[in-house]
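1. Sequence and predicted structure below; questions after.
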Amino acid sequence: MTHPTTFGELLEQHEREIFAYALRLTGDRDEADDVYQDTFLAAFRAWPPPRRGTERAWLYKIATNKAIDRGRRAKRFVRLGDLPLAAPERDGVSLADLATAVRTLPTGQRAAFVLRKVQGLSYAEVSHALECSEEAARSRVAEAMKKVKEAMR
Amino acid sequence: MSELGPVVADARERLMARARREGLGTVGYRVVESPLGPLWVAVGPRGVLNIHYGAEPSALELRRIVRAYGPGVLPDTRRVDDVARELDQYFSGKRREFDVAIDLSPLTPFQRKVLAVTARVPYGELITYAKVAHNTGNDKAYRAAAGAIGDNPIPIVVPCHRVVASDGTLGGYAGGLDAKRHLLKLERGADVPRGGWPPAHLSRS
């Protein structure tokens, strides 16, 4: 993947996965649309990306913060109606796993779980996106996995 | 995830509208289909900036656009609609001149001068690289003029396909010589002769 030199390249390279991520975090199409809009507008305003090669993690970080901000403002539980839209394409995590995860996990763990297990980010990228250490990212994902497994029993 | 495509496309439309309102999108682009294959077309605040043969932009042109207008280069169907319609009319033989504004400001003064001369060559007529150099006021600069014509960022609309070598052969073309033949046949109503045109066919103006 080339380093984007324009907003358009950044958008075309990452918009699908960012929208899918927003949908997996919020479980609702309209909310995901808002997070997508907020994320890319914020990225355009903050251009250029902080470091070459970290554009993807940078976008995930913005998207995570935007989703959390919107969740706080809305002060309500996520809806799950549109989640099938974001069904993973090729990994081993089923929709049932995802729905369970969204339903049971606190925000930080939910974001770490989706970033690592569904979006396929490395732990380094997860830690960048969530602004935590790699160790903390691993621990959040492990904790989330434990809860998902328990919820599925 | 087959349903996600249209949802993201809708979201992108709204994003583009917001980016336009906020002045974040300075240049819009999209791929326009043509009988010569896909064309990557970019339109800025002053007019058409680039028509590139292919579905992807040229890295050189993109750098030139970013230098002139910043990184706000965004996929934007609406901004490209006018030139897309005129290109369609041109390829179907219904248009002989383009009305859309063009923007050559990212180029050097010499390139702009050469392309301004090229832009005045009428539909269906031919001119030589040497004659273009002459009309820019510098007979000796014909190699440099040929270079500027070869780098024309807005082919078809700035009709560099009407510029040929002094012996009547085609010379070069960024879209390939088949594309040049296609355009000249469209405009002149006849195939390009083997070995080019006799010099008498070339414009003296």
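-> That came through fine. Numbering: from 1, shown residues only, chains lettered A, B, ... in the order given.
2. got the residues of chain B near chain A?
-> Residues of chain B lying near chain A by Cβ under 8 Å from any Cβ of the partner chain: B:1, B:3-5, B:7-8, B:10-12, B:14-15, B:18-19, B:22, B:24-25, B:29, B:62-63, B:65-66, B:71-75. C-beta here means a position set from N, CA and C on the backbone, and glycine is covered the same way.
3. What residues does chain A have near chain B?
-> Residues of chain A lying close to chain B by Cβ under 8 Å from any Cβ are A:5-9, A:11-12, A:15-16, A:19-20, A:23, A:29, A:33, A:36-37, A:40-41, A:44-45, A:47-48, A:85-89.
4. switch the cut-off to 6 Å
-> Within chain A, the residues that sit near chain B (Cβ under 6 Å from any Cβ of the partner chain) are A:5-8, A:15-16, A:19, A:33, A:36-37, A:40, A:44, A:47, A:85, A:89.
5. per-residue pLDDT, B:Leu39?
-> Predicted confidence (pLDDT) for B:Leu39: 98.
6. Skipping adjacent residues, who's closest to the closest residue to chain A within chain B in space?
-> Chain A sits closest to B:Val73 of chain B, with a gap of 3.8 Å, by Cβ to the nearest Cβ. Spatially, and ignoring its direct neighbours in sequence, B:Val73 is nearest to A:Thr6 (3.8 Å; Cβ to Cβ, 6 or more residues apart in numbering or on different chains).
7. Let me know whether the one you found touches B:Pro71 as I believe.
-> Yes. Using Cβ atoms under 6 Å, A:Thr6 is in contact with B:Pro71, at 4.9 Å.
8. neighbour-wise, which of these two wins?
-> Higher neighbour count among A:Thr6 and B:Pro71: A:Thr6, with 24 against 21, using other Cβ atoms under 10 Å in any protein chain shown.
9. any idea which element the residue nearest the centre of chain A lies in?
-> Centroid-nearest residue in chain A, with Cα atoms, centre = their mean: A:Tyr21, separated by 4.1 Å. A:Tyr21 belongs to helix A:7-26 when elements are defined using DSSP states H and E.
10. What residues sit buried inside that helix?
-> A:7-11, A:13-26 (16 or more other Cβ atoms under 10 Å in any protein chain shown).
11. Stretch B:14-29 too?
-> B:Leu15, B:Met16, B:Arg18, B:Ala19, B:Arg20, B:Leu24, B:Gly25, B:Thr26, B:Val27, B:Gly28, B:Tyr29.
12. And for stretch B:45-52?
-> Neighbour-count burial for stretch B:45-52 [16+ other Cβ under 10 Å]: B:Gly47, B:Val48, B:Leu49, B:Asn50, B:Ile51, B:His52.
13. go on, stretch B:139-148?
-> B:Ala141, B:Tyr142, B:Ala144, B:Ala145, B:Ala146, B:Ala148.
14. Those: which two are farthest apart?
-> Spanning the widest gap among those are B:Tyr142 and B:Ala148, at 10.5 Å by Cβ to Cβ.
15. Give me the angle between the helix or strand where B:Val7 lies and helix A:7-26.
-> Using DSSP H and E, B:Val7 sits in helix B:4-21. Relative orientation of helix B:4-21 versus helix A:7-26 (axes from the mean of the first three to the mean of the last three Cα atoms, to 10 degrees): 120 degrees.
16. Helix B:4-21 packs against which elements?
-> If you count contacts as 3 or more Cβ pairs under 6 Å, 6 or more residues apart in numbering or on different chains; DSSP states H and E, helix B:4-21 packs onto helix A:7-26, helix A:29-46.
17. one more time with 10 Å
-> For helix B:4-21, the packing partners by 3 or more Cβ pairs under 10 Å, 6 or more residues apart in numbering or on different chains; DSSP states H and E come out as helix A:7-26, helix A:29-46, strand B:27-32, strand B:73-75, helix B:77-91.
18. Show me what the longest one is packed against.
-> This points to helix A:7-26. Counting by 3+ Cβ pairs under 10 Å, 6+ apart, the packing neighbours recorded for helix A:7-26 are helix A:29-46, helix A:55-74, helix A:95-104, helix A:107-113, helix B:4-21, strand B:27-32, strand B:73-75.
19. mean confidence for that helix?
-> For helix A:7-26, the mean confidence score works out to 92.
20. And the shortest one, by the same measure?
-> Per-region confidence: strand B:73-75 scores 95 on mean pLDDT.
21. With the third one instead?
-> Strand B:27-32 shows a mean pLDDT of 96.
22. Distance from the following helix or strand past it to the middle of the chain?
-> Sequence order places strand B:39-44 as the next helix or strand after strand B:27-32, per DSSP H and E. In this view, strand B:39-44 has its centroid 9 Å away from the chain centroid, taken as Cα atoms, centre = their mean, to the nearest Å.
23. what's the nearest residue to A:Arg16 if we skip its chain neighbours?
-> Nearest-residue entry for A:Arg16: B:Val8, 5.6 Å, with adjacent residues in sequence omitted and distances by Cβ to Cβ, 6+ apart.
24. can you count the residues close to the one you found?
-> By the criterion of other Cβ under 10 Å, B:Val8 has 22 neighbours.
25. now for the helix or strand hosting A:Glu125, which elements pack on it?
-> Taking DSSP H and E as the criterion, A:Glu125 maps to helix A:123-130. Packing contacts for helix A:123-130, counted by 3+ Cβ pairs under 10 Å, 6+ apart, involve helix A:55-74, helix A:107-113, helix A:134-152.
26. With just CA atoms, put the second one into CSV.
-> As requested, C-alpha coordinates have been extracted for helix A:107-113 and formatted as CSV (Å, rounded to 0.1, in the frame of the first residue of the first chain):
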residue,chain,number,x,y,z
THR,A,107,-15.9,0.2,25.3
GLY,A,108,-12.1,-0.1,25.6
GLN,A,109,-12.1,-3.9,25.5
ARG,A,110,-14.7,-3.9,22.7
ALA,A,111,-12.5,-1.6,20.6
ALA,A,112,-9.4,-3.7,21.3
PHE,A,113,-11.2,-6.9,20.4
